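[1] structure here, sequence nowhere to be found:
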């Protein structure tokens, strides 16, 4: 449970690294930085004046905004538009890589919202190399930096968008319930039991889900289970075990749910293929 200041016990909350050092510019439209995060570390809520792509080379991180939360394993990345307040939580020890883009890869409206993208092996290595160089603002722009930046933008433009992310409500009671489900999705089997935790009836909570998130509790919980499955898959757990931990009678039933929801089999969705 969170403490009185909103921070979970035993976790350390730190500010983002100096954004001015990594700010993109007309001369350097693509910047990259690296950061190691311990499993008990949170980066405080903040925003940037430019777009940002977040992914982890190893380990799983959680990226949260006011209206959604995303679990990010190494095979995925979250796009955060300019001006969107977000916080980053290390689910486990991880190596974070962040791209800052002066402008989105193209003019499509999809870049005005959060998106989850597949990270190709090429995109991963390009970002790793650019972050490894860690060019200082005063250094001259090199041909290598220019080429890396152009290839990164092209790979992001080509990246497949995924139906991943869990919407979060503004209503305080429903927000507490949603956060509790995300923390321990299998603690209760019924909406009635979850609703009791926040002092509401199942009927009231069902109405709030429709009003706040435009979905039923069952639909929302399915996305929450997918997020938990991503976390388990990043730990290299087999599909049979993941299915059992999430309450599915068989691996085939779990596979059918994932394929129906995201349009691809678990082996690809979880990056295990």
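    Everything's here; your move. Given the structure is predicted, the values throughout are model-derived calculations rather than measurements.
[2] how is the protein partitioned into domains?
    Recorded structural domains for the chain (assignment: automatic domain parsing) are 12-162, 171-269.
[3] from the contact counts, what lies against the helix or strand of the chain with the lowest mean pLDDT?
    None of the helices or strands of the chain scores lower by mean pLDDT, DSSP states H and E than helix 266-269, at a mean of 76. Contacts defined by 3 or more Cβ pairs under 8 Å, 6 or more residues apart in numbering; DSSP states H and E place helix 266-269 against helix 251-262. Just so you know, the C-beta spots here come from the backbone N, C-alpha and C atoms, and that holds for glycine as well.
[4] which of the residues in the helix it packs on are buried?
    Under the neighbour-count criterion of 16 or more other Cβ atoms under 10 Å, helix 251-262 has 251, 254, 255, 257, 258, 261, 262 buried.
[5] now swap in stretch 134-151 and tell me
    Across stretch 134-151, burial judged by 16+ other Cβ under 10 Å covers 135, 145, 148, 149, 151.
[6] what do you get for stretch 66-84?
    For stretch 66-84, the buried set under the neighbour-count rule, 16+ other Cβ under 10 Å, comprises 68-82, 84.
[7] can you give me the helices in the stretch 101-250 of the chain?
    For the stretch 101-250 of the chain, the helices defined by DSSP state H, counting those that start in this stretch cover 121-133, 143-158, 172-183, 191-197, 202-213, 217-234, 239-245.
[8] where does the stretch 51-200 of the chain dip in pLDDT?
    In the prediction, the stretch 51-200 of the chain carries residues with pLDDT under 70 at positions 136-138.
[9] among the buried residues of stretch 66-84, which one sits closest to residue 41?
    Proximity of these to residue 41 (Cβ to Cβ) peaks at residue 72, which lies at 14.7 Å.
[10] quick check: closest non-adjacent residue to that closest one.
    The shortest distance from residue 72 to any non-neighbouring residue, by Cβ to Cβ, 6 or more residues apart in numbering, is to residue 61 (5.0 Å).
[11] isn't the one you found right next to residue 91, touching?
    Yes: contact criterion Cβ atoms under 8 Å: residue 61 and residue 91 qualify, at 6.3 Å.
[12] what touches both of the two?
    Each of residue 71 lies in contact with both residue 61 and residue 91 under the rule Cβ atoms under 8 Å, 6 or more residues apart in numbering.
[13] okay, these two: which has more neighbours?
    Legend: neighbour count by other Cβ atoms under 10 Å for residue 61 and residue 91, higher for residue 61 (24 against 19).
[14] contact partners for that one?
    Taking Cβ under 8 Å, 6+ apart, we find residue 61 in contact with 37, 54, 71, 72, 88, 89, 90, 91, 94, 96.
[15] if you rank the residues you listed by neighbours, which is first?
    Counting neighbours by other Cβ under 10 Å, residue 72 leads those with 28 neighbours.
[16] touching, that residue and residue 56? I think so.
    Yes: counting by Cβ under 8 Å, residue 56 is a contact partner of residue 72 at 5.9 Å.
[17] now render the contacts of residue 61 as JSON lines, adding distance to residue 157 and secondary structure.
    What follows is the contacts of residue 61, written out as JSON lines (distance: Cβ to Cβ, whole Å; DSSP: H, G, I helix; E, B strand; the rest coil):
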{"residue": "37", "distance to residue 157": "28", "secondary structure": "strand"}
{"residue": "54", "distance to residue 157": "17", "secondary structure": "strand"}
{"residue": "71", "distance to residue 157": "24", "secondary structure": "strand"}
{"residue": "72", "distance to residue 157": "20", "secondary structure": "strand"}
{"residue": "88", "distance to residue 157": "24", "secondary structure": "strand"}
{"residue": "89", "distance to residue 157": "29", "secondary structure": "strand"}
{"residue": "90", "distance to residue 157": "29", "secondary structure": "strand"}
{"residue": "91", "distance to residue 157": "29", "secondary structure": "coil"}
{"residue": "94", "distance to residue 157": "26", "secondary structure": "strand"}
{"residue": "96", "distance to residue 157": "23", "secondary structure": "strand"}
